[in-house]
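Chemist: Quick check, what structure comes out for this input:
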Amino acid sequence: MSYPLNKYRNIGIAAHIDAGKTTVTERILFYTGISHKIGEVHEGEATMDWMEQEQERGITITSAATTCFWQDNQINIIDTPGHIDFTIEVERSLRVLDGVVAVFSGVEGVQPQSETVWRQANRYKVPRIIFVNKLDRIGADYLKVVGDINKRLRANAVPMQMQVGYSDKFSNIIDILTRKMATFSGDMGENVSWSEVPEEYREQMEKMRVHIIEAACEFDDVLADKFLNEEEISLDEIKRALRKGVIAQKVTPAFCGSAFKNKGVQLVLDAVIDYLPSPLDVPPVEGVLADVDEKITIHSDPDAAFHALVFKIVNDPYGVLNFIRVYSGELKSGSYVINARTGSKERVSRLLKMHSNKREEVKSVRAGDIAAVIGIKDSKTGDTIGEEGSKVLLETIDVPTPVISTSIEPKNKADYEKMGIALKKLMQEDPSFRFSYNEETGQTEISGMGELHLEIIVDRLKREYKLDVAQGKLQVAYKETVQMPSDAEGKFVRQSGGRGQYGHVWIKMEPLERGKGFEFLDKVVGGRIPREFIPAVEKGVEESLTNGILGGYPVVDCRITLYDGSYHDVDSSEIAFKVAASMAFRSAMAKSSPVLLEPIMKVVVDTPEEFMGDVMGDLNSRRGRILGMEDQAGRQEISAEVPLGEMFKYVSSLKSMTRGLAAYSMEFECYREVAKNVQEAIIEKK
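Modeler: Next comes the predicted model:
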């Protein structure tokens, strides 16, 4: 059955690790009839956690997509990871979603990764509703968490429900708008019955109902007039006004329950339909015409030209799966598409609707759909595909920079080629993972977002690709940059009988703002260097960027301007100018006051108050900078910025100093210059 676009909901389930995202998704699949048995995360049987590594660790590593149906609506769901090492999975999911259910633990409230996900959703302007989970746990408090969300995330969260009972006595949920109480019965809480609200809750319920109506009045003048004149306001009017506010990201309705105890999930599904947008409600996406750099607006229209974004790639035994979000038009199995980035034309051999790692073959997909395509080979995350003749490029996906690396090599030398192929496939799937070959050491180096990220990569090489690989020590992904401008000459002359080699360049090197990357400018005039040799100079410089002069680390945030040089009518060649550019680059860098950059991590430690002094002293000894402390019901949450190089083995150190009672999370913050004495120690060690 094909649903109209206003009946579509493309949503993500996102939160901090262990807030219960996958458990919520499992209940959704059960209550919508997609699965007939609830798979529990702690038993390694969750439908959405299908990878062996996910089942063993009880965490989500890769975002999984599925489709279900509720109240005559089609809901496409992406369950995203909570661990910061897999932030690219959240990033690319949010890029293509229309709405998010943000899950918070009723005990811990706002946690570091909750803040990261919230910021990502803000960046992509994704409307949200909130589900405060785990209200059956000791210390869980729904209204306190909503207050925490408003204080720390500035979310304008409005409680839509009340919990009946605390901790293990949590039993029912009061829906404030309808003034009814929901009771969940049956083996899996599948039966929802409604009854009158107990007397002791009514006064607070009426106060909270007024607060909801006041919030709704912000988005509907007619409703505001009715409220001020004390006229009757219908349920539909309130919901319609709140929906406007949610879509404008000005208000966030908050719901409560316990997914594990099967309470409240059906009401969240109702809220998804009531408040989160369909593809027709969100602003049309913008693209540019590749050849003329002209902006173009693409509306969600199944009858318009076909445009879709590739947001995820998975290497599958049956072929490469390209996960796409269709923004306009229709794509039929067997038709041809154009990749706007490469200009290549490719045939779509099969179209699949995904249910985690299971698939359902379909004949066509249309605007609003999330699906997988088999047949597109030359693609990467963030590519735009369109119908033949299309030159539209949609906004791509931000890819975080890897901050940690290690060397790997196969124990069997005959497996080198096989390992190279496997690493290319893994890099195609995960753009936050990189690999390179180090000429100096003769080793293959892999880089990623953290220790767990690289651990999973190595594990996949062993299990999926049957490669027995040895892993070296973890290394910090340092970078090099320059602090002052300089000019340098590069001259490569070689005469050995017959035709020689001649390349001669003058370049200017300048520092750029942090995070700007690399720029190459051609300012040669008067034909001092023929046009055909300019690309060779740029290539020579770019190759030099991979290997700086301090410790052989990549060079970033600099501008190279080629402004002069000379050539020989016979002896000049591309290779000669490439070598000359490399010589000039190294010479210029030596004069430009080079410096090392190191990744700085935002570290948040949750510790009992009695260990606060020890934890802070330890962070200071790791060159950390304490940013602040926050009291969390007898515990302290300490925020700090610490260089990644000082954070190896921190988990065991923290456990021993706090008797295992503290926990921490860590995410990449920025690159910063290394102090002179530390720089010398790093280079000497290298």
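Chemist: Could you grab the helix/strand/coil label for Asn620?
Modeler: Secondary structure state of Asn620, per DSSP: H, G, I helix; E, B strand; the rest coil, is helix.
Chemist: And for the residue nearest to it when sequence neighbours are not counted, the neighbour number?
Modeler: Residue nearest to Asn620 in three dimensions, not counting chain neighbours: Ile626, with 7.2 Å by C-beta to C-beta, 6 or more residues apart in numbering. Just so you know, the C-beta spots here come from the backbone N, C-alpha and C atoms, and that holds for glycine as well. Using other C-beta atoms under 10 Å, Ile626 has 15 other residues around it.
Chemist: you'd agree Ile626 is in a strand?
Modeler: Yes: counting by three-state DSSP, Ile626 is part of a strand.
Chemist: Tell me the spacing between it and Arg434.
Modeler: Separation of Ile626 from Arg434 (C-beta to C-beta, to the nearest Å): 32 Å.
Chemist: Also Gly287?
Modeler: Using C-beta to C-beta, Gly287 is found at 27 Å from Arg434.
Chemist: cool, Glu609 as well?
Modeler: 42 Å.
Chemist: Show me which of the two is the more surrounded one.
Modeler: Arg434 (17 against 12).
Chemist: Skipping adjacent residues, who's closest to the more buried one in space?
Modeler: Ser447 (4.6 Å).
Chemist: Which strand or helix spans the one you found?
Modeler: Remark: Ser447 resides in strand 443-448, with elements defined by DSSP states H and E.
Chemist: Run the chain-centre distance for stretch 112-123.
Modeler: Distance of stretch 112-123 from its chain centroid, counting by C-alpha atoms, centre = their mean, to the nearest Å, is 10 Å.
Chemist: Export only the CA atoms of that stretch, formatted as CSV.
Modeler: What follows is stretch 112-123, C-alpha atoms only, in CSV (Å, rounded to 0.1, in the frame of the first residue of the first chain):
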residue,chain,number,x,y,z
PRO,A,112,27.3,14.5,27.5
GLN,A,113,26.3,12.6,24.4
SER,A,114,22.7,13.9,24.8
GLU,A,115,24.1,17.4,24.4
THR,A,116,26.1,16.4,21.3
VAL,A,117,23.1,14.8,19.6
TRP,A,118,21.0,17.9,20.5
ARG,A,119,23.6,20.2,18.9
GLN,A,120,23.7,18.0,15.8
ALA,A,121,19.9,18.2,15.5
ASN,A,122,20.0,21.9,16.0
ARG,A,123,22.6,22.2,13.1
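Chemist: Only the buried residues of it, if you could.
Modeler: 112-118, 120-121 (16 or more other C-beta atoms under 10 Å).
Chemist: so how many other residues sit close to the residue nearest to Arg434?
Modeler: With other C-beta under 10 Å as criterion, Ser447 counts 20.
Chemist: check contacts around it.
Modeler: For Ser447, the contacting residues are 402-405, 433-436, 477, by C-beta atoms under 8 Å, 6 or more residues apart in numbering.
Chemist: What residues are bridge-paired with it?
Modeler: Ser405, Arg434 (DSSP bridges).
Chemist: any idea how far it lies from Ala15?
Modeler: When distance is defined by C-beta to C-beta, Ser447 is 27 Å away from Ala15.
Chemist: Tally up the residues packed near Asp168, please.
Modeler: 10.
Chemist: follow-up on the earlier one: looking at strand pairing, list the partners for the residue nearest to Asn620.
Modeler: Ala640.
Chemist: Tell me if I'm right that it and Ile638 touch.
Modeler: Yes: contact criterion C-beta atoms under 8 Å: Ile626 and Ile638 qualify, at 6.7 Å.
Chemist: can you list residues touching both of the two?
Modeler: Joint contacts of Ile626 and Ile638 (C-beta under 8 Å, 6+ apart) are 616, 619.
Chemist: Now for the nearest residue to Ile549 once chain neighbours are set aside, how many residues are close by?
Modeler: Nearest-residue entry for Ile549: Met589, 5.3 Å, with adjacent residues in sequence omitted and distances by C-beta to C-beta, 6+ apart. When neighbours are counted by other C-beta under 10 Å, Met589 registers 23.
Chemist: helix, strand or coil for Met589?
Modeler: helix.
Chemist: mind showing which ranges of this protein have poor pLDDT?
Modeler: Scanning the chain for pLDDT under 70 picks out 1, 35-64, 81-87, 318, 356-357, 438-441, 497-498, 633, 686.
Chemist: for Thr658, what are its contacts?
Modeler: 607-608, 611, 614-615.
Chemist: so who does the residue nearest to Gly375 when sequence neighbours are not counted touch?
Modeler: Spatial nearest neighbour of Gly375, excluding adjacent residues (C-beta to C-beta, 6+ apart): Ser349 at 3.7 Å. By C-beta under 8 Å, 6+ apart, the contact set of Ser349 is 319, 333-334, 374-375.
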